[in-house]
Structure formats: structure tokens, C-alpha cells
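Participant: Sequence and computational prediction follow.
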Amino acid sequence: MLKKKHYFFVLITAILFASTYSNNLGINNTVAHKAYGHSFTPNDYASFIASIDQFQTESKLVQANFANNNITLAKGHVDKAANLYFQNLMFEIAEKDQKVAEDLSKSVKSLLQNVSSSAFASSASEAVVKQQQQQVNQLVADIDAKVDEIITMTIR
């Protein structure tokens, strides 16, 4: 009796394994999928455009956070934008156009100084805050215009 139960168990197990194995060999294989791979070489142009876009986004976030009186976040974004510019972008931009690079450097330094100084003057009057907001807006607009000019030069 025990042999019959054992034989029956082995038979069922063998049938299950055989059916699983035959399903994996079929044309419409749903268990195993083919994987295709690519190895893309880095593209300096794409890296430059991505970095310049990230820089522009960070500068716009400075403006938005400054407008919402969130000086801490604005300071973090201006630090990130300055790091992106001075560590990654300044030399590449200077290769294309030295004057634009110098103007952009001045704008980034002014923005950094403006946001940093406003962090210490949190108890300033409304008129001073409004003036600082206008300065930040003007600096970000200048940065955007210069970045757009750089992108236009790069695309040509």
C-alpha cells in the first residue's frame, strides 16, 4: 500500500515537472522573456544641456522659495545652483563665449550674496523685503536670459 502511494506521488510530480518544462519550450513563452541591452556612450552635448537645465531650474526654485518667504530653501537652491555653475558649467560656457560666462558668474555671485544677506535680515521691513524680492527676480531673469542665449549658441 505504501509503495502505491509513493508511486502515485512520484508520478504526479513527474507529470507536473514535465508540463512545466514543456511550457517553457513553447513559442508563446510567457514565463521567460528576452532581454535586450544597450551600452550608450556618454554624450558631452547631452550632459551639458542637462546640467544647464538643472542650473536654470535651481535658479527658478530660488525665486519661487524667496517669494514664499522660505529663505532656508532658497539658500539651499542658490547654493546648489552656484555649485552647478562654478564646478560644472563655467569653463564650458567660457569656451563658447567668455563675456557671457563673466556676466553669468556676476549674476550667480550676486544672487548668492542677495539670498545669503536676506537670511540674516529676517526682521527687515516690508519695503526692504520687497526690494530684495525685486532684486532676486531681476537676477533670475538675467540668468534665464543668459542661459537661453547659451542654449541657442550650443544648438547652432
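Facilitator: That came in fine, so what should we check first?
Participant: Disregarding residues adjacent in the polypeptide, which is nearest to the residue minimising distance to the centre of the chain?
Facilitator: The chain has residue 54 as the residue nearest its centroid, 5.9 Å off, counting by CA atoms, centre = their mean. Closest residue to residue 54 apart from its sequence neighbours, by CB to CB, 6 or more residues apart in numbering: residue 84 at 6.0 Å. (Glycine included, C-beta is placed from N, CA and C.)
Participant: how near is that neighbour to residue 131?
Facilitator: To residue 131, residue 84 is 27 Å away according to CB to CB, to the nearest Å.
Participant: returning to what we had before: give me the pLDDT for the residue nearest to the centre of the chain.
Facilitator: The per-residue pLDDT reported for residue 54 equals 95.
Participant: Can you pull out the residues in contact with the helix or strand where it lies?
Facilitator: Using DSSP states H and E, the element containing residue 54 is helix 44-67. Contact with helix 44-67 is made by 71, 73-74, 77-78, 80-81, 84-85, 88-89, 92, 111, 115, 118, 132-133, 136-137, 140, 143-144, 147, 150-151, 154, as judged by CB atoms under 8 Å, 6 or more residues apart in numbering.
Participant: Can you list which of those are found in helices?
Facilitator: Taking DSSP state H as the definition of helices, those contribute 71, 73-74, 77-78, 80-81, 84, 92, 111, 115, 118, 132-133, 136-137, 140, 143-144, 147, 150-151, 154.
Participant: Quick one: buried ones out of the residues you listed?
Facilitator: 71, 74, 77-78, 80-81, 84, 92, 111, 115, 118, 132-133, 136, 140, 143, 147, 150 (16 or more other CB atoms under 10 Å).
Participant: show me the contacts for the residue nearest to residue 54.
Facilitator: 51, 54-55, 58.
Participant: Buried subset of those as a PyMOL selection?
Facilitator: Entered in PyMOL, the line below selects the buried ones among the contacts of residue 84, by 16+ other CB under 10 Å:
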select buried, resi 51+55+58
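Participant: can you redo the contacts of residue 84 as CSV with distance to residue 67?
Facilitator: Shown next, in CSV, are those (distance: CB to CB, whole Å):
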residue, distance to residue 67
51, 25
54, 21
55, 19
58, 15
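Participant: Good, we can wrap up now.
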